[in-house]
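Peer 1: Build me a structure from this.
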Amino acid sequence: MGTALLSFDHPSLDSRPASLLRFQGGLFTVHADSKDTGGQFALLEVEGASGGEPPLHVHRNEDELFYVLEGTLKVFRGSEEIELQPGDSGFLPRNVPHTFKIMSRYARFLVYITPGGFEDYFRDLGQPAGRVKTQEIAPLVDAAEMIRVAGRYGVTFMT
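Peer 2: Below you'll find the model as predicted:
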């Protein structure tokens, strides 16, 4: 009996370092890009303090899952308010208005986005942060510009 080799139809995996972006006063690390996952998902790590959170908004194209590593988040999903501590997760489905608020002095959390592609919104509005994490803070993006760019990604802000 011979050994069968499994073949998977997926993009090749490479060892590129994660890309770092500064956006809305926080640092975003793109650990998995939709280009690396065949468009299936993206995985971001977000860290920062309160003040740069998005207004209430709706995604038409993707679902998000937040997983808290450090700090406390309050997630608003439809009419629900959910407090997330380290080790907790919150699912934010498409077509349901949602946002979040950092409740602690600092928070660090993962954002799983499926299907992928929305990570490019942060690239469009953020600033590359190089390869080294520093305390440098990116300026806040103008609300009108955020709304304009969000429309290209199927996101509507409830302003």
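Peer 1: State the paired neighbours of the helix or strand of the chain with the lowest mean pLDDT in the sheet, together with their directions.
Peer 2: The helix or strand of the chain with the poorest confidence is strand 127-128; it has a mean of 88 (mean pLDDT, DSSP states H and E). With DSSP bridges as the test, strand 127-128 is paired with strand 19-23 (antiparallel).
Peer 1: what element comes up after the strand it pairs with heading to the C-terminus?
Peer 2: Note on strand 19-23: by DSSP states H and E, the next helix or strand toward the C-terminus is strand 26-32.
Peer 1: now the helix or strand just after that next one against strand 19-23, angle please.
Peer 2: For strand 26-32, the succeeding helix or strand toward the C-terminus, using DSSP H and E, is strand 42-48. Angle between the axes of strand 42-48 and strand 19-23 is 50 degrees (criterion: axes from the mean of the first three to the mean of the last three CA atoms, to 10 degrees).
Peer 1: Pull up the pairing partners for strand 42-48, direction included.
Peer 2: strand 26-32 (antiparallel), strand 107-114 (antiparallel).
Peer 1: neighbouring contacts of whichever helix or strand comes after that strand?
Peer 2: Once strand 42-48 ends, the next helix or strand along the chain (criterion: DSSP H and E) is strand 57-59. Applying CB atoms under 8 Å, 6 or more residues apart in numbering, the contact partners of strand 57-59 are 92, 94-99, 118, 150, 153-158. Where you see a C-beta, it was placed from the backbone N, CA and C, and this is true even at glycine.
Peer 1: repeat that for 7 Å
Peer 2: Strand 57-59 is contacted from outside by Arg94, Asn95, Val96, Pro97, Thr99, Gly154, Val155, Thr156, Phe157, Met158, using CB atoms under 7 Å, 6 or more residues apart in numbering.
Peer 1: Show me what counts as buried in the longest helix along the chain.
Peer 2: Assignment by DSSP state H gives helix 143-152 as the longest helix of the chain. Neighbour-count burial for helix 143-152, with 16 or more other CB atoms under 10 Å as criterion, is recorded at Met146, Val149, Ala150.
Peer 1: Alright, I will stop here.
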